[in-house]
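Participant: Predicted model and sequence follow; I will ask about them next.
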Amino acid sequence: MSAVPGWLLVLDTATNTIVVGAGTPDGRLLAADTFEGRYRHSQELLPGVERLLARAQLRLGDLVGVIVGTGPGAFTGLRVGIATAKTLAHELRLPVVGVPTSEALLAGVAGAKRLWLPSGPRAQLRIDLGEAPQVVHGDDEGRDEDLAVDLAGRAPGAAAERGRQAVKGLPESLLRIGAARLAAGGSDDPERLVPAYAVAPRGAPTMEPEGAVAWSRDPR
């Protein structure tokens, strides 16, 4: 039987790492797993949730809300996480909150002000704290004090290590931000909860939508 009368589920599939977590409505993390998606997010996510529930002795019937990372991230993996969160929220009639994965990554490392993510094999997505993402082409790989996620060999080693720390802390960061929104009475309309993709499709205009990069494929 669940040790808590109500709990929140945390999901994120925006990066190469699948994140599943459970916490209390006041933002206390109960259990979490982070593991490599291996480009199999659709096959790995739900079994990961089931393992977490079994280990933490949580019942799905006690779930009171769902928090999901909205990216920016890769097209296929990101859609899996958001579709799963929306389906659970719809079927169980629960509130769902989308939290930008980039916001949670930056919030998870003290003093972090800039995040780098892959945007296809030849470009990177630079996200400065509080600003819209920008696609960067060329040799700019960031600085040691930045966070670099999923950019092995394409970013300074210190930035890549800080990125790994941020991913490790992602369950707690997502929970803290999402739980605060739910506690304040906020939630998202599942019909309007959409992913922010990290790579533009062919022929897409260069103008970015406000506050997000809503693209899906390599432009070249």
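Facilitator: Yep, that arrived. From a predicted model like this one, the values you see are computed outputs, not experimental measurements. Numbering: from 1, shown residues only.

Participant: could you pull out the strands for this structure?
Facilitator: In the chain, the strands defined using DSSP state E lie at 7-12, 17-23, 29-36, 63-69, 96-99, 114-118, 123-128, 134-137, 147-148.

Participant: Now do the buried residues in the third one.
Facilitator: It stands for strand 29-36. By neighbour count on 16 or more other CB atoms under 10 Å, the buried set for strand 29-36 is 29-34. The way it works is simple: take the backbone N, C-alpha and C, and place the C-beta from them, glycine included.

Participant: Please parse the chain into its domains.
Facilitator: Following automatic domain parsing, the chain resolves into domains at 7-104+170-192, 110-164.

Participant: so which of these is the most packed in?
Facilitator: domain 7-104+170-192 (a mean of 20; mean count of other CB atoms under 10 Å).

Participant: Give me the angle between the lengthiest helix in the chain and strand 63-69.
Facilitator: Ranked by residue count, the top helix of the chain under DSSP state H comes out as helix 75-92. Per axes from the mean of the first three to the mean of the last three CA atoms, to 10 degrees, the angle that helix 75-92 makes with strand 63-69 is 160 degrees.

Participant: picking up where we left off before, the strands of the chain: lowest mean pLDDT?
Facilitator: Of all the strands of the chain, mean pLDDT reaches its minimum on strand 134-137 (a mean of 90).

Participant: Point out where the protein drops to low pLDDT.
Facilitator: Counting by pLDDT under 70, the low-confidence segments of the chain come to 1-4, 200-220.

Participant: what about 50?
Facilitator: For the chain, residues meeting the criterion pLDDT under 50 lie at 1-2, 201-220.

Participant: residues touching Gly65, list them.
Facilitator: For Gly65, the contact set (CB atoms under 8 Å, 6 or more residues apart in numbering) comprises 8-9, 25, 89, 94-97, 178, 182, 187.
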